[in-house]
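> Any chance you can model this:
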Amino acid sequence: VGLAAALVAAVGWGSWQVVVKKYSTSLQDGFAFQFWMSLGVLLVGLASVCAAESTPGYAPGDGGRLGELRPTLPLLCALSGVLWAIGNAVTVPIVQTIG
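This is a model prediction of the structure:
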């Protein structure tokens, strides 16, 4: 199962630029691409949170709470998000230039 997942991930990671190349004339700049890419990441993240098992010993509604999400954001995570955003912003111009 792990090897199959790694193979699917490798093919998926290497092929998403093909879509950018196909639609690079309509995207005009990297910010439209970044918006749609970020929206996709957000929706998959929300679906993952909804599908994940709850924390043992915690049930939404206990003690008057209606459920809460308390994510932590370490500095390294924020830095990787900044680098990801910069990469998304320059993807379209790079694909248009290099092909």
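> Mind giving me the packing neighbours of the longest helix seen in the chain?
The single longest helix within the chain, with elements called by DSSP state H, is helix 2-27. Under the contact definition 3 or more C-beta pairs under 8 Å, 6 or more residues apart in numbering; DSSP states H and E, helix 2-27 sits against helix 75-98. Quick note: C-beta positions are derived from backbone N, CA and C, even for glycine.
> what comes up buried for the helix it packs on?
Residues of helix 75-98 classed as buried: 88, 91, 92, 95, 96 (neighbour count, 16 or more other C-beta atoms under 10 Å).
> Likewise for stretch 36-48?
Counting neighbours by 16+ other C-beta under 10 Å, one finds that the buried residues in stretch 36-48 are residue 37.
> middle-most residue in the protein, spatially?
residue 41 (3.0 Å; C-alpha atoms, centre = their mean).
> now the helix or strand hosting that one: how far from the chain's centre is it?
For residue 41, the enclosing helix or strand under DSSP states H and E is helix 30-51. From the chain centre to the centre of helix 30-51 is a distance of 5 Å (C-alpha atoms, centre = their mean, to the nearest Å).
> Then stretch 11-20?
Distance, centroid of stretch 11-20 to centroid of chain: 14 Å (C-alpha atoms, centre = their mean).
> Now flag whichever of the buried residues of helix 75-98 is closest to residue 23.
residue 92 (9.0 Å; C-beta to C-beta).
> residues contacting the closest residue to that closest one other than its chain neighbours?
Leaving aside its chain neighbours, residue 92 sits nearest to residue 30 (4.3 Å; criterion: C-beta to C-beta, 6 or more residues apart in numbering). When contacts are counted by C-beta atoms under 8 Å, 6 or more residues apart in numbering, residue 30 is found next to 88, 89, 90, 91, 92, 93.
> List the contacts of the first one.
Think residue 88. Per C-beta under 8 Å, 6+ apart, neighbours of residue 88: 30, 33, 34, 37, 38.
> Residue 44 versus the fourth one, what's the distance?
Summarising the geometry, the distance separating residue 37 from residue 44, computed by C-beta to C-beta, to the nearest Å, is 11 Å.
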